[in-house]
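Asks: Whatever this is, show me its structure:
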Amino acid sequence: MNLLIVEDDKLTAKQLFQLLKSEKYDCDVADGYFKAKELVDQNSYSLILLDWNLGDGDGLVFLKELRDLEIKTPVLMLSANSEINDRVAVLDSGADDYLCKPYSSVELLARMRALLRRESGEKASVIVIDDVRLDITSREVFIHEGKVNLTTAEFDLLELFMQNKNQILTRYQLSEHINKDNYSIKHSNLVDVHIKNLRKKLDKKDFILNVRGVGYKINNSLK
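Replies: Numbers count the residues shown, from 1 in each chain. You can find the predicted model right below:
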């Protein structure tokens, strides 16, 4: 599976490349608009990670050109532009998803997996672990046949856990995921409060485990 990273900041591009390489993805890197056009002309990609502000051009213009050429490769736009109007412009221009900088690696990888699943045609809107069933599309959670009523934050946390079953998620990563304003993330205990409430509602002992000094994870023994 070959991915294209379009990022003019050398450090960011290097970090992205190393992250994706560690996840067993093959990647090409374009340091700007013109290099990206050249690589897309020469290769086929499963996913494009596209920075909006490029040194020699505009990522949004590049995106529109892709769609005008009927290149349907999924595009995940990465940008520090966080205004609602910016997000709308990106999605209206043909992006499949939008992630604001700074972002956590765990959320980036989860968004990527979702786009790649969608592209491959897999039916992955429902995640089941043990007797917990989470429907991403309807945003509903069931244990056996009983519906569990969760708040938005509780659902978002459970979805992230279930999408990353074998990975320890730090409190910072979890807080960043549910706190879109990035306000007082480092000093907030809201994650612990939400997880306490989530555990109570699920009423399942040892489903979400505490990893002392690090964070939380789904019990690896569950299937």
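Asks: now for the helix-or-strand element of the chain with minimal mean pLDDT, which elements pack on it?
Replies: In the chain, the helix or strand scored least confidently by mean pLDDT, DSSP states H and E is helix 171-178, which has a mean of 80. Counting by 3 or more CB pairs under 8 Å, 6 or more residues apart in numbering; DSSP states H and E, the packing neighbours recorded for helix 171-178 are helix 105-120, helix 152-163, helix 190-202, strand 215-218. The C-beta positions use only the backbone N, C-alpha and C, and glycine is treated the same way.
Asks: need the least confident one among these, by mean pLDDT.
Replies: With a mean of 85, helix 105-120 has the lowest mean pLDDT of the helices and strands packed on helix 171-178.
Asks: So what's the gap between the very next helix or strand once past it and the chain middle?
Replies: Later in the chain than helix 105-120, the nearest helix or strand by DSSP states H and E is strand 126-129. Between the centre of strand 126-129 and the centre of its host chain there is 17 Å, according to CA atoms, centre = their mean, to the nearest Å.
Asks: which parts of strand 126-129 are buried?
Replies: Neighbour-count burial for strand 126-129, with 16 or more other CB atoms under 10 Å as criterion, is recorded at 127, 129.
Asks: again, but for stretch 102-119
Replies: Neighbour-count burial for stretch 102-119 flags 104, 106-112, 114-116 (criterion: 16+ other CB under 10 Å).
Asks: what about the residue nearest to residue 197 when sequence neighbours are not counted, how many neighbours?
Replies: Nearest non-adjacent residue to residue 197, counting by CB to CB, 6 or more residues apart in numbering: residue 154, 6.3 Å away. By other CB atoms under 10 Å, the residues close to residue 154 number 20.
Asks: ditto for the one 10 residues further on
Replies: The tally of other residues near residue 164 (other CB under 10 Å) stands at 18.
Asks: That one is in contact with residue 110, isn't it?
Replies: Yes - here residue 164 reaches residue 110: they are 6.7 Å apart, a contact under CB atoms under 8 Å.
Asks: pLDDT score assigned to residue 11?
Replies: Looking at residue 11, its pLDDT reads 93.
Asks: what helix or strand does it sit in?
Replies: helix 10-22.
Asks: Just the buried residues of that helix, please?
Replies: In terms of neighbour count (16+ other CB under 10 Å), helix 10-22 has its buried residues at 13, 16-17, 20.
Asks: do you know which of the helices and strands packed on helix 171-178 lies nearest residue 45?
Replies: Residue 45 lies closest to helix 105-120 among these, at 10.5 Å (CB to CB).
Asks: by contact count, what packs against that closest one?
Replies: The contact analysis (3+ CB pairs under 8 Å, 6+ apart) places helix 105-120 against helix 10-22, strand 47-51, strand 75-79, strand 97-100, helix 152-163, helix 171-178.
Asks: Would you map out the domains in this structure?
Replies: Listed by automatic domain parsing, the domain ranges of the chain are 2-120, 126-218.
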